[in-house]
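Asker: all I have is the shape, not the residue letters:
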C-alpha cells in the first residue's frame, strides 16, 4: 500500500502571503482549468494567496466569471498592444505577497509550484527554472541576446523559462532598477540580487526556438536602447579622436604652407577643407554625445506611464487581520475582535 505524501497533510501556512502573477493569458477553457488547479494547489499550502491576471481590455468579459469563482483573484486590464515586459511590471507592482511568482501559465502548470516557492524562500534568491537539456538551435539563436545582455549587465537568455519566484525584498530591488522591464525577466548582474536555479527536466511543448519572434525583436531593441549610455561613450571617444586627428591634420597643412615653397594647385584648399571638416565633425559629435549623456544622467525614470484598470478589488490585508484576530491601530474606533470559536 502506497503511503500518502507528507504534503497531503501539511497545514496551510499563515505566516506568508503568496502572489502569483500572469501577464499573458488566452481566454480559453484550458487557461481557466489551469488557473483553478493552481488555486487549489496554493490553497493546500498557503492560507493567504492572491492570483493577479493582466489581460487585454477585450478579454475583460471572458475572465469575469473566473474572477468571481476563484477567491482572491485580481484582474487588471490594459490596452491592446501593451508590451509583454510592461505587463510584467504592472503585475509585479500590484503584487502584495511576501513571495511573488511572475509566471507563464504553461510553465507553472508543468512545474511543482509549491516546491518552486519553497526553494525561493529557503535560498532567499531570485529563482529561475532551469532545463539542463537544450537544443543546439536554441543556443545558436540565443547567443546574440546573451552577448548584448552581458554588455548591458543582465542575465539574458530568451530560451529559458519565463517564470521566476522572488522574495518581496528582492522584488523591490528589481522594481527600483533603471530598466525594470528587463530586470523582471532577466535578473541584473547585481550582488544584491542573488540568483538560484530550480532544476527541472520538464519541457513545455508550446515553447519552440521560433516562438515569439516579435517579442524577441522588441527585446533586442530594448537591449540596444539600454546600451545607449555605453554607445554614447564610444561615440564620444571616437569623436574626440576624430577631432584630434583633424587638429593634427590642420597643423600639418599649416606646416606644409610655411615650409614648402611650391604647393600643387588646389592642394592647400582641398586639405584645408578636409582638416576643417574633420575638426567640425569631431567636436560637434562630441558635444552632442556629451549633452545626451548629461540628459540621461539627469533624467529620472518615468513611472506610471501605463495605468491599468483594476476590475475587481479585494482587501487581502483585512482578511488577514480578521483571520488572525488582529486590530489595526490606524482605526481609532476599532474594537477588539471577539475570540474565534474552536
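Answerer: Cool, got the structure. Computed from a prediction, not measured in an experiment: that's the story for all the values here.
Asker: is it true that residue 278 touches residue 245?
Answerer: Yes - the pair residue 278 / residue 245 is scored as a contact, 6.0 Å apart, by Cβ atoms under 8 Å. In this view, the C-beta of every residue, glycine as well, is placed from N, C-alpha and C.
Asker: between these two, which one's more packed in?
Answerer: residue 278 (19 against 14; other Cβ atoms under 10 Å).
Asker: that one: what's its closest spatial neighbour, skipping adjacent residues?
Answerer: residue 246 (3.1 Å; Cβ to Cβ, 6 or more residues apart in numbering).
Asker: could I get the pLDDT score of that neighbour?
Answerer: pLDDT for residue 246: 92.
Asker: show me which residues of stretch 265-283 are buried.
Answerer: 271, 275, 278-279, 282-283 (16 or more other Cβ atoms under 10 Å).
Asker: what lies in contact with it?
Answerer: 239-247, 249-250, 253, 256-257 (Cβ atoms under 8 Å, 6 or more residues apart in numbering).
Asker: sorry, back to before: separation between the residue nearest to residue 278 and residue 229?
Answerer: Plainly put, residue 246 is 26 Å away from residue 229 if you go by Cβ to Cβ, to the nearest Å.
Asker: for this structure, which residues score under the pLDDT cut-off?
Answerer: 1-10, 132-136, 138-139, 159, 204-212, 298-310, 313, 315, 317, 320-342 (pLDDT under 70).
Asker: one more pass at 50, please.
Answerer: 1-4, 6, 209-210, 301-304, 334-335, 342 (pLDDT under 50).
Asker: where do the strands sit along it?
Answerer: 13-22, 46-56, 73-78, 99-103, 126-130, 164-167, 195-199, 309-310 (DSSP state E).
Asker: got a markdown table for those strands, with mean neighbour count and distance to residue 295 too?
Answerer: Listed next are those as a markdown table, based on neighbours: other Cβ atoms under 10 Å; distance: least, Cβ to Cβ, whole Å:
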| stretch | mean neighbour count | distance to residue 295 |
| --- | --- | --- |
| strand 13-22 | 20 | 34 |
| strand 46-56 | 23 | 32 |
| strand 73-78 | 20 | 29 |
| strand 99-103 | 26 | 32 |
| strand 126-130 | 23 | 31 |
| strand 164-167 | 25 | 32 |
| strand 195-199 | 16 | 32 |
| strand 309-310 | 12 | 33 |
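Asker: quick one, which of those strands is nearest to residue 84?
Answerer: strand 46-56 (9.8 Å; Cβ to Cβ).
Asker: which strands and helices lie in contact with the closest one?
Answerer: In terms of contacts (3 or more Cβ pairs under 8 Å, 6 or more residues apart in numbering; DSSP states H and E), strand 46-56 is packed against strand 13-22, helix 29-45, helix 60-69, strand 73-78, helix 84-94, helix 316-323.
Asker: tell me the strands beside it, with direction?
Answerer: strand 13-22 (parallel), strand 73-78 (parallel) (DSSP bridges).
Asker: that one to helix 60-69, inter-axis angle?
Answerer: 170 degrees (axes from the mean of the first three to the mean of the last three Cα atoms, to 10 degrees).
Asker: what separation is there between the residue at the greatest distance from the centre of the chain and residue 75?
Answerer: What lies farthest from the middle of the chain is residue 261; by Cα atoms, centre = their mean that is 67.5 Å. For residue 261, the distance to residue 75 (Cβ to Cβ) stands at 87 Å.
Asker: ok, now residue 150?
Answerer: From residue 150 to residue 75 the distance is 38 Å (Cβ to Cβ).
Asker: quick revisit: need the buried ones from the contacts of stretch 265-283 selected in ChimeraX.
Answerer: Selection of buried members from the contacts of stretch 265-283 for ChimeraX, criterion 16+ other Cβ under 10 Å:
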select :239,240,242,243,246,249,250,253
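Asker: just send the contacts of stretch 265-283 back as TSV, with distance to residue 218 too.
Answerer: Shown next, in TSV, are the contacts of stretch 265-283 (distance: Cβ to Cβ, whole Å):
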residue	distance to residue 218
239	30
240	33
241	34
242	33
243	36
244	39
245	39
246	39
247	43
249	43
250	46
253	49
256	54
257	55
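Asker: in helices, which of the contacts of stretch 265-283 appear?
Answerer: In helices, judged by DSSP state H, the following of the contacts of stretch 265-283 are found: 239-247, 249-250, 253, 256-257.
Asker: who's in contact with the closest residue in space to residue 215 that isn't next to it in sequence?
Answerer: If the residues on either side of it in the chain are set aside, residue 215 comes closest to residue 84, at 5.6 Å by Cβ to Cβ, 6+ apart. Contacts were defined as Cβ under 8 Å, 6+ apart; by that measure residue 84 touches 23-24, 215, 218.
Asker: most neighbours of all those, which one?
Answerer: Neighbour counts for the contacts of residue 84, by other Cβ under 10 Å, peak at residue 23, which reaches 26 neighbours.
Asker: and that one, how close does it get to residue 140?
Answerer: For residue 23, the distance to residue 140 equals 28 Å [Cβ to Cβ].
Asker: could you chop the protein up by domain?
Answerer: Split into domains by automatic domain parsing, the chain comes to 6-212+312-323, 228-298.
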